[in-house]
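Trainee: here are the coordinates; sequence isn't available:
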């Protein structure tokens, strides 16, 4: 089944403790991206990648890092999480610019 | 500054009637527009898209209309069904996708 898999689905952590949210797609997509969804703010892009080793900042990249060493994986790294990064995170991938993204099921992160 | 705006946070429509969701954008460089549907506890699902060189795209009960001069697009759902109750995101794409804040659609029995 074609899908985007992100883990974990739920995570509660403490301020300053580094964490990684993994994202993997099995569709051989070139585009991958991370979004966060917050009440009243909709979906905001954190980082995106147009291909392996090619990443770029989205609208809200501060406090996040990404890497794209392989086509299928696009992990989101929070080096020192803070409470304002409490949010619902979605990973997405796309075949090309004319195609809609396929989203993962989301990761609900709480930073206390 | 919001480049993609959905000015109605919510919309209620009677089952069987037409649902019209609206979206405005500011960047004339966008060349693709997309609509996504999102149920609670799930990721958004791609619904329908339209290229900027077209003014209409239809897929079953869903039609998207694009008015480039007004920088406006709309999603029509006819007839509306209970399973259409969800949050709908309008999105525009250049090298990245920019989403609106979403409109919550309630289909009333």
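Mentor: Happy to help now that I have it. In this text the structure is predicted, and so the values were computed from the model without any measurement. Residues are numbered from 1 along each chain as shown, chains lettered A, B, ... in the order given.

Trainee: any idea whether residue B:69 is helix, strand or coil?
Mentor: The three-state label given to residue B:69 by DSSP: H, G, I helix; E, B strand; the rest coil is coil.

Trainee: neighbours of it, just the number please.
Mentor: 5 (other C-beta atoms under 10 Å in any protein chain shown). Every C-beta, even on glycine, is put in place using the N, C-alpha and C of the backbone.

Trainee: again with the one 3 residues further on
Mentor: Neighbour count of residue B:72, defined by other C-beta under 10 Å: 14.

Trainee: I figured it hits residue B:24, correct?
Mentor: Yes. In this structure residue B:72 lies within contact range of residue B:24 using C-beta atoms under 8 Å: 5.3 Å.

Trainee: ok, now which ones touch the residue nearest the centre of chain A?
Mentor: Centroid check for chain A by C-alpha atoms, centre = their mean gives residue A:34 as the closest residue, at 3.0 Å. Applying C-beta atoms under 8 Å, 6 or more residues apart in numbering or on different chains to residue A:34 gives the contacts A:23, A:45-48, A:58, A:64, A:66, A:74, A:76, A:89-92.

Trainee: now with 6 Å?
Mentor: A:46, A:47, A:76, A:91 (C-beta atoms under 6 Å, 6 or more residues apart in numbering or on different chains).

Trainee: can I assume the first one is in contact with residue A:58?
Mentor: Okay, so that is residue A:46. Yes. Between residue A:46 and residue A:58 there is a contact under C-beta atoms under 6 Å: 5.1 Å.
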